[in-house]
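[1] sequence and predicted structure are below.
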Amino acid sequence: SRGAASLLKDSIPVTEFSVSGPFEGLDLLRRGFTCVKSELLPSHPLELSEKNFQLNQDKTNFAMLRNIQGLHAPLKLQMELRAVKQAQRLPFLHSSNMALDTLRGNDECIGFEDILNDPSQSEVMGEPHMMMEYKLGLL
């Protein structure tokens, strides 16, 4: 058994030679610059709670809906939410997701993203043909 342990200790892992290693060519035009700060732990204790707020809100609403109306109501609502999320515009066009907001009950609320998420100031706009080819996996 000692011989096997020494072989494992002296062996070089194969993962270091893979294409997705540290020397992989980064596509800065599509993915942007990597930010080391985003890979660190959350800077504030409430950051994780805020990131998962909508998910926690949906879980609470589905549990309450199930207790009040039965199993069919949250299943129907989840099916409608999934159908609305799948319907999308072309990748170079801005979408307001009005149907999703209506199903969640956020259509009458004014939030941070309603005021400071102006699509004319967005950096998403690009060449339509190239963006469609990237989405379809042709690039």
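    Nice, I can see it. Predicted model only: the values in this text are computed from it and were never measured.
[2] show me what the longest helix belonging to the chain is in contact with.
    Using DSSP state H, we find that the single longest helix of the chain is helix 53-69. Helix 53-69 is contacted by residues Ser49, Ala73, Pro74, Leu77, Gln78, Arg104 when judged by Cβ atoms under 8 Å, 6 or more residues apart in numbering. Using the backbone N, CA and C atoms, a C-beta is placed for each residue, glycine as well.
[3] over to stretch 78-88?
    So stretch 78-88 is contacted by Phe62, Ser95, Asn97, Ala99, Leu100, Leu103, Arg104 (Cβ under 8 Å, 6+ apart).
[4] buried ones among these?
    Phe62, Asn97, Ala99, Leu100, Leu103, Arg104 (16 or more other Cβ atoms under 10 Å).
[5] adding secondary structure and distance to Phe112, write those out as JSON lines.
    Listed next are these as JSON lines, based on DSSP: H, G, I helix; E, B strand; the rest coil; distance: Cβ to Cβ, whole Å:
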{"residue": "Phe62", "secondary structure": "helix", "distance to Phe112": "24"}
{"residue": "Asn97", "secondary structure": "coil", "distance to Phe112": "15"}
{"residue": "Ala99", "secondary structure": "helix", "distance to Phe112": "20"}
{"residue": "Leu100", "secondary structure": "helix", "distance to Phe112": "17"}
{"residue": "Leu103", "secondary structure": "helix", "distance to Phe112": "20"}
{"residue": "Arg104", "secondary structure": "helix", "distance to Phe112": "16"}
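[6] in these, find the pair that's most separated.
    With Cβ to Cβ as the measure, no two of these lie farther apart than Phe62 and Asn97, at 19.4 Å.
[7] follow-up on the earlier one: what's the farthest-apart pair in the contacts of helix 53-69?
    It's Ser49 and Ala73 that sit farthest apart of the contacts of helix 53-69, by Cβ to Cβ, at 26.7 Å.
[8] so which of these two has more stuff around it?
    Set Ser49 next to Ala73 and count neighbours by other Cβ atoms under 10 Å: Ala73 wins out with 15 against 11.
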